[in-house]
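Student: Okay, here's the prediction I keep looking at, along with the sequence it came from:
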4 protein chains.
Amino acid sequence: MSDRDWVHTDVGGASADSITIRGRDLATDLMGKVTFTELTFLLVQGRGATPQETALLDAVLVSLAEHGLTPTVLAARLTHAGAPESLQGAVAAGLLGAGSVFLGVVEDTAVFLERVVSAGGDLERAAADAVRSEIAAGSRIPGLGHPVHKSEDPRTPRIYAIAEQQGLVGPHLTALRLVSAAHREATGKALPINGAGVAGAALADLGFPARIVRGMALLARTAGLVAHLEEEQTHALGMQLFLDVERRAGG
Amino acid sequence: MSDRDWVHTDVGGASADSITIRGRDLATDLMGKVTFTELTFLLVQGRGATPQETALLDAVLVSLAEHGLTPTVLAARLTHAGAPESLQGAVAAGLLGAGSVFLGVVEDTAVFLERVVSAGGDLERAAADAVRSEIAAGSRIPGLGHPVHKSEDPRTPRIYAIAEQQGLVGPHLTALRLVSAAHREATGKALPINGAGVAGAALADLGFPARIVRGMALLARTAGLVAHLEEEQTHALGMQLFLDVERRAGG
Amino acid sequence: MSDRDWVHTDVGGASADSITIRGRDLATDLMGKVTFTELTFLLVQGRGATPQETALLDAVLVSLAEHGLTPTVLAARLTHAGAPESLQGAVAAGLLGAGSVFLGVVEDTAVFLERVVSAGGDLERAAADAVRSEIAAGSRIPGLGHPVHKSEDPRTPRIYAIAEQQGLVGPHLTALRLVSAAHREATGKALPINGAGVAGAALADLGFPARIVRGMALLARTAGLVAHLEEEQTHALGMQLFLDVERRAGG
Amino acid sequence: MSDRDWVHTDVGGASADSITIRGRDLATDLMGKVTFTELTFLLVQGRGATPQETALLDAVLVSLAEHGLTPTVLAARLTHAGAPESLQGAVAAGLLGAGSVFLGVVEDTAVFLERVVSAGGDLERAAADAVRSEIAAGSRIPGLGHPVHKSEDPRTPRIYAIAEQQGLVGPHLTALRLVSAAHREATGKALPINGAGVAGAALADLGFPARIVRGMALLARTAGLVAHLEEEQTHALGMQLFLDVERRAGG
């Protein structure tokens, strides 16, 4: 195999006098011309976003960036307490908790909805079938229910409203509502569509493959983590938390 | 000490029916109304950005997001080869290389320029003094020189042009040019201001404390890492790289 | 709930004049009296190991520590190239690739064998049934086959020999051989039991719960990673690898 | 440059039928013949340890493995709460806090003592000079003082006793006592030599370069982290800690 067959990326590259991203010149075509959100869309999907797509992607990223003193924020702040000289280590520690329990729901929902959408035929029936088979298997339906936002997640109606406004309610966002209705009908319980779930559906409708939508959630959360670490540098919650645990564990 | 004295963050929080970020309601005041870049500014600085500040911050984030097959991108792609089920682990591995050698320059430049700017008196003299003392100590001047972009880093004039356009050339961007000139005069060598350096200066002029500017670079690079990992999922450079190294090491 | 119900660990703790691990005094009962391997067994299982168990655990840890320039070692060395000041970041980056593709096999094998062993009845039949159902599902049998050690993994017969010598061939090691034979019979292909698989079986026979055996592999690999990073500090393979990739990608 | 000049490691490698570590055959020369501690010494230093060196290294690793609910343990357990499927992520998050504040002291002490020892001339005078210059610079002396073990760290006299017993009190352990005495004389305060400091001195006397001793501490702590994560799998302190913080922050 020749080198060029695998030592190669379509994402970007640099030569002595230029940097190229997805075939565009960074300095002349992108800087000052696209927002960071537009660049992210271009980087990951390889094509430019429409203004409508950018508006929805901005709303999704904004919705996922911050949720208070979550386990991942606490892990980042505790890591900073031990290694304040290595900001990248504290951010990385924060991202490492973005697994199956919390942010993984974004991906799980996108994967689940992709299955519903690609089943073909009537979407309502496909949603009902998928819900029934999850319930039969004893599995939770991804994207439904939230430990804090028990009756409604405030992010959900806003994402739907913005997607409608931008003409971007596609099959995944549609299917998610059908899934929620089918679940209510099958169980009698009204679990709200959560913010991670609606984000996964919107990202899928924006064209992001289900297997990468968790990456968009990681990007959004990085902004929140950086903000918490900035605060930690002057208001050391991490060290106080450790001392408090130590006192209570030993007491 | 009462709980509220330390178990507390000003960044954000969630209750049963709302999420608050820096005192704004996420669903009603932020989603659909601010871009992800504007939200990031608000999250980290605690105040909203002006349109001019947003334009410059967007340009800085765009400038730092991607630079081809860097060591950090390779680390992320190799990590994905071993743990494809854990996207957050691959992103975290990529961020962990954003230390003193590459992205740390953003912070080092901001710290150095903060020292120049806060010296008081004539800025040109302060820059010359700081350069002289670094040279005397055998240290490199942060923000000058680049292994690839040897004569000019294409990002640098663009950041200056955008900052001028937005009326945001502040003391740090000004000082960086004076530092570059002083270095040329002192050594006879014309090292270009590099993209990390100009980004650090611009972030400092945007009001980001020097100790957190590395966090903004981490955010920008996360977008590039996610794009590379999306590509890795279908074009497995990481595994090929390993097999190639193994073959050459054993041959 | 009272604090003591959850702010509590049985692993270890410290007071002003003593450190306690699993109820033993660190300074008087452990230091100078147990090896690091014996301490690890005590830490994770909460009981002291017999000399026979220690011998087998040592052999397993030794077998898993190092395997040349693996993807995880390359990721660690590339991370060090960018952040040499943060050794913990480079080690962490190296561990993050210990997922499903490579070291995860240790856990997968232990989980699979636990299923075979707990099926009850005749072990040979249980192994054959489990193999058949994996093949029918199109799944690979964990613990069989290796991309480099195609006919025999040199670690496998040694672990069996040491386990026999120590009288510690338990149900999992026994089941793994039956699984291998059943696979050969079902498919006609003679895949060797690999080093990760036999390690998983031995750790399960040593009493480690299947869900934590990956942790023992991580411990072993940390020793190898530290050795590679020590070498990287004077022989910078990571930076050379990056420059080589850059040259080939751009050429 | 030929490939073999840089695509090469002396640490270890694998061929189709053997694995080699530091020139020894893993299966025939190491497994069943050396302990994990002996292998670690061989991996990192490239030579086999004497029985005396092994005894001291075991004591050092045992002394550093576990210290209760430290910030790094809490970060690992919180990470596990969000990503229980990725044990390597939780271990990595735990290691990332092993920076300048806690475990970095092992390295800082080794570096400081290397400077004292290499100053030449009378060791007592070199220690006193080094202490004076640190005090004059307003710096803390690495290896002295501990927030919990205020009058004596129980690990310190044990390491000295074991080193004496093994005939391995070398220049670094000697210098550390002189540094402690010089500090007491210069300041009137009797700060105990802490466990991290004495570990750094012992590792330096064992021949580990100062720049890698932090790696040995990381290895030791990995054992403690794995034990905490095993406990976390059945006793979920991480999630409880998050819920407790959330309740207190919101209350």
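Tutor: Structure received.
Student: Give me the spatial nearest neighbour of whichever residue of the stretch 151-251 of chain A sits closest to chain C, chain neighbours excluded.
Tutor: Relative to chain C, the nearest point of the stretch 151-251 of chain A is A:Arg248 (4.3 Å; CB to the nearest CB). Heads up, the C-betas are built off the backbone N, CA and C, glycines and all. Counting by CB to CB, 6 or more residues apart in numbering or on different chains, A:Arg248 lies nearest to C:Val7, which is 4.3 Å off, once chain neighbours are set aside.
Student: Need the per-residue pLDDT for the one you found.
Tutor: What the model reports as pLDDT for C:Val7 is 91.
Student: Quick check: it vs C:Val106, distance?
Tutor: Computed as CB to CB, to the nearest Å, the C:Val7 to C:Val106 distance reads 32 Å.
Student: Please identify the residues of the stretch 151-251 of chain A in proximity to chain D?
Tutor: Counting by CB under 8 Å from any CB of the partner chain, the positions of the stretch 151-251 of chain A adjacent to chain D are A:238-239, A:241-242, A:245-246, A:249.
Student: out of the residues you listed, who has the most neighbours?
Tutor: A:Gly238 (27 neighbours; other CB atoms under 10 Å in any protein chain shown).
Student: Wait, a helix at that one?
Tutor: Yes. Assessed by DSSP: H, G, I helix; E, B strand; the rest coil, A:Gly238 belongs to a helix.
Student: residues contacting it?
Tutor: Residues in contact with A:Gly238 (CB atoms under 8 Å, 6 or more residues apart in numbering or on different chains) are A:74, A:77-81, A:232, D:71.
Student: rewinding a little: just the residues of the stretch 151-251 of chain A next to chain D: which are in helices?
Tutor: Mapping these onto helices (DSSP state H) picks out A:238-239, A:241-242, A:245-246, A:249.
Student: among those, which two are most distant?
Tutor: Greatest spacing in those, by CB to CB: A:Gly238 and A:Ala249 (16.5 Å).
Student: next one: phi and psi at A:Gly207?
Tutor: Note on A:Gly207: its backbone torsions stand at phi 100, psi 0 [degrees, to the nearest 10].
Student: Spatially nearest residue to it, not counting backbone neighbours?
Tutor: Per CB to CB, 6+ apart, closest to A:Gly207 is A:Gln45, 5.8 Å.
Student: And the ones in helices among the residues of the stretch 151-251 of chain A next to chain D, which is closest to A:Asp29?
Tutor: A:Gly238 (41.9 Å).
Student: Distance of the closest one relative to D:Thr20?
Tutor: 43 Å.
Student: and the stretch 1-150 of chain A, which residues reach chain C?
Tutor: Contacts of the stretch 1-150 of chain A with chain C, taken as CB under 8 Å from any CB, map to A:3-4, A:7-9, A:13, A:15, A:83, A:85-86, A:88-89, A:92, A:96.
Student: what's the pLDDT at the residue nearest to A:Gly207?
Tutor: 98.
Student: picking up where we left off before, any chance of a ChimeraX selection covering the buried ones in the residues of the stretch 1-150 of chain A next to chain C?
Tutor: A single ChimeraX command suffices to select whichever of those are buried according to 16 or more other CB atoms under 10 Å in any protein chain shown:
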select /A:7,8,9,13,83,86,88,89,92,96
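Student: quick check, nearest of the residues of the stretch 1-150 of chain A next to chain C to chain D?
Tutor: In terms of CB to the nearest CB, no member of those lies closer to chain D than A:Ala83, at 2.3 Å.
Student: D:Gly99 is in contact with the closest one, correct?
Tutor: Yes. Shown here, A:Ala83 and D:Gly99 form a contact pair, counting by CB atoms under 8 Å, at 2.3 Å.
Student: Which SSE is immediately downstream of the lowest-mean-pLDDT helix or strand in chain A?
Tutor: Lowest by mean pLDDT, DSSP states H and E among the helices and strands of chain A is helix A:3-6, with a mean of 70. Beyond helix A:3-6 in the direction of the C-terminus, DSSP states H and E gives the next helix or strand as strand A:12-14.
Student: So what are the sheet partners of that following strand and their directions?
Tutor: Strand pairing for strand A:12-14, determined by DSSP bridges: strand A:19-21 (antiparallel).
Student: Need the residues touching each of A:Ala83 and D:Gly99.
Tutor: Here A:Ala83 and D:Gly99 share the contacting residues A:89, C:86, C:88, scored by CB under 8 Å, 6+ apart.
Student: Save the residues you listed as CSV, and put in distance to A:Asp205, secondary structure and pLDDT too.
Tutor: Formatted as CSV, the shared contacts of A:Ala83 and D:Gly99 follow (distance: CB to CB, whole Å; DSSP: H, G, I helix; E, B strand; the rest coil; pLDDT from 0 to 100):
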residue, distance to A:Asp205, secondary structure, pLDDT
A:Gly89, 35, helix, 98
C:Ser86, 40, coil, 96
C:Gln88, 40, helix, 98
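Student: Which parts of chain A are helices?
Tutor: Using DSSP H, helices in chain A cover A:3-6, A:36-45, A:51-64, A:71-82, A:87-96, A:104-118, A:123-136, A:155-165, A:171-187, A:195-205, A:213-232, A:237-250.
Student: and the angle for the second one with helix A:51-64?
Tutor: Which is helix A:36-45. Put simply, helix A:36-45 runs at 100 degrees to helix A:51-64, going by axes from the mean of the first three to the mean of the last three CA atoms, to 10 degrees.
Student: starting at the chain centroid, how far to helix A:36-45?
Tutor: Chain-centre distance of helix A:36-45: 14 Å, with CA atoms, centre = their mean, to the nearest Å.
Student: so which pair among the contacts of A:Gly238 is furthest apart in space?
Tutor: Counting by CB to CB, the most remote pair of the contacts of A:Gly238 is A:Glu232 and D:Pro71, 11.8 Å apart.
Student: okay, the two: which has more neighbours?
Tutor: The neighbour comparison of A:Glu232 against D:Pro71 (other CB under 10 Å) goes to D:Pro71, with 27 against 23.
Student: Is it correct that that one is in contact with D:Gly99?
Tutor: No. Distance between D:Pro71 and D:Gly99: 10.2 Å, which falls outside the contact criterion (CB under 8 Å).
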